[in-house]
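>>> Sequence first, then the predicted structure:
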Amino acid sequence: MTGIESLPVRDELRGKTPYGAPQLDVPVRLNTNENPYPLPEELVRRIAERVTEAARTLNRYPDRDALALREALAGYLTRTTGFSVSPAQVWAANGSNEVIQQLLQTFGGPGRTAIGFEPSYSMHGLISRGTGTGWLSGPRREDFTVDTRAAAEAIAEHRPEVVFVCSPNNPTGTAVDRETVVALYEAAQAARPSMVVVDEAYGEFSHRPSLLPLIEGRPNLVVTRTMSKAFGAAGLRLGYLAADPAVVDAVQLVRLPYHLSAVTQATALAALEHTGTLLGYVERLKGERDRLVRELRAIGCEVTESDANFVQFGRFEDAHATWQALLEHGVLVRDNGVPGRLRVTAGTPEENDAFLDAVRAVTKENP
Ligand code: PMP
């Protein structure tokens, strides 16, 4: 048996650990921002039908350009944002992580850099590293909002090729306003022609409208989305982007041929037929998210305003000890390494009640 240290792995990967939240078997799992509602039975049946149909031609490679799926995704974006998107502006892959990887393979890479405003989604930095792109950690204010001036200054100073703006931001829940995105886009274009990637994985949960219409007249702006959260389909692995058609053409240079299986395309198409029911669950979750904010504040926690399906709360002298104590009460939340804070995903009303009871018990034990 040899260890990983004895293999000739790339220098930048040496001593690193893989990304991943603990997958523990506890009664209440609120740690990975999943949707707690299983897909409705009617949709499960529709998936079975569509997959059966796809199975009949599994001897052939799938539609490499996923045209039917991109058309359905464009329709969904147009309907839900009121901003007209064409299939040529949409591209899909196995989760938005793969979309982000394709963007970094296309626009980042060795000798280039990407910036994000941290704390933010740690995979932006990790996928940068995996694609040989240098990573720059940009600033955020104490209240976790993006300071437009400081962020624009960081862009002007470092001149990155890729700028990540996560809105609503994971793990803080903070939304970014239109004006900030526009200002950062302008700063990025003034520094050098660079790509601005707005990660809207939690877009459907926001109190505010999508930032998607900003792609109009901004050929270097990309919005990424996912079916993992709002669609309750994390197991499906389907993420997508909307941008100028030239961006879609550019990512073709790095995508693997036939990367999206026929089974994935069939399943995603079935889910897109049921957006009405799925968005109904989103409305419920938004209500539960707002309740978590209110009740955590009533308990005495400091809570960050949230536009996502999760809530950042604190402050704890030792956040990891609180994480452990909640686990002992059967509730799994996430310690993202933000000092003094933890993150809880909005679950079903019953799961949220169990979580709130656990917080009450734990804060009473350690006032
Ligand atoms: N972006 C953000 C901000 C996320 O939090 C996540 C999931 N944790 C993703 C992208 C990736 O999601 P997926 O690959 O499942 O689409």
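Good, I have the coordinates. Because the structure is predicted, anything quoted here is derived from the model rather than measured.

>>> The ligand contacts on the stretch 151-300 of the chain?
With C-beta under 6 Å from any ligand atom as the criterion, the stretch 151-300 of the chain comes near the ligand at residues 166, 170, 199, 201, 226, 228, 234, 239. (C-beta placed from N, C-alpha, C; glycine too.)

>>> okay, now Phe231: neighbour count?
Close neighbours of Phe231, defined as other C-beta atoms under 10 Å, add up to 25.

>>> quick one: average pLDDT of the top helix by length along the chain?
Across the chain, the helix with the greatest residue count (assigned by DSSP state H) is helix 275-299. Averaged across helix 275-299, pLDDT comes to 97.

>>> Run through the residues that contact the one residue in the chain that gets nearest to the ligand.
Taking C-beta to the nearest ligand atom, the ligand has its nearest neighbour within the chain at Gly95, 2.7 Å off. Residues near Gly95 by C-beta atoms under 8 Å, 6 or more residues apart in numbering: 226, 228, 237-239.

>>> Could you rerun that using 6 Å?
Gly95 makes contact with 237, 239, according to C-beta atoms under 6 Å, 6 or more residues apart in numbering.

>>> quick one: which two of the residues of the stretch 151-300 of the chain next to the ligand are the most distant?
Using C-beta to C-beta, these span at most 17.7 Å, a distance reached by Cys166 and Ala234.

>>> Where do the strands of the stretch 1-150 of the chain begin and end?
Taking DSSP state E, counting those that start in this stretch as the test, the strands found in the stretch 1-150 of the chain are 28-29, 90-93, 113-117, 134-138.

>>> Mind listing residues that contact the third one?
Contact partners of strand 113-117, identified using C-beta under 6 Å, 6+ apart, comprise 108, 124, 128, 133-134, 136, 138, 140, 146, 151, 160, 162-164.

>>> Can you confirm whether that strand lies near the ligand?
No - judged by C-beta under 6 Å from any ligand atom, strand 113-117 stays clear of the ligand, getting no closer than 10.2 Å.

>>> Hmm, Pro168 and Ser120 touching each other?
No - using C-beta atoms under 6 Å as the test, Ser120 is too far from Pro168 to be in contact (10.8 Å).

>>> Pick out whichever of Cys166 and Ala234 has more residues nearby.
Cys166 (27 against 16).

>>> For that one, give its distance to Arg360.
Cys166 sits 31 Å away from Arg360, going by C-beta to C-beta, to the nearest Å.

>>> what does Gly280 give?
Taken as C-beta to C-beta, the span from Gly280 to Arg360 is 30 Å.

>>> now swap in Asn33 and tell me
The spacing between Asn33 and Arg360, counted by C-beta to C-beta, is 23 Å.

>>> Give me the more crowded residue out of the two.
Asn33 (22 against 15).

>>> so who does the more buried one touch?
So Asn33 contacts 309-310, 345 (C-beta under 6 Å, 6+ apart).

>>> how does it look with 8 Å?
Contacts of Asn33 (C-beta under 8 Å, 6+ apart): 170, 202, 229, 308-310, 345.

>>> and if you look at Ala361?
His329.

>>> Figure out the helix or strand that it lives in.
Using DSSP states H and E, Ala361 sits in helix 349-365.

>>> So for that helix, what gets flagged as buried?
351-352, 354-356, 358-359, 362 (16 or more other C-beta atoms under 10 Å).

>>> Closest to Ala321 out of those residues?
Nearest to Ala321 among these, with distances taken as C-beta to C-beta, is Val362, at 9.4 Å.
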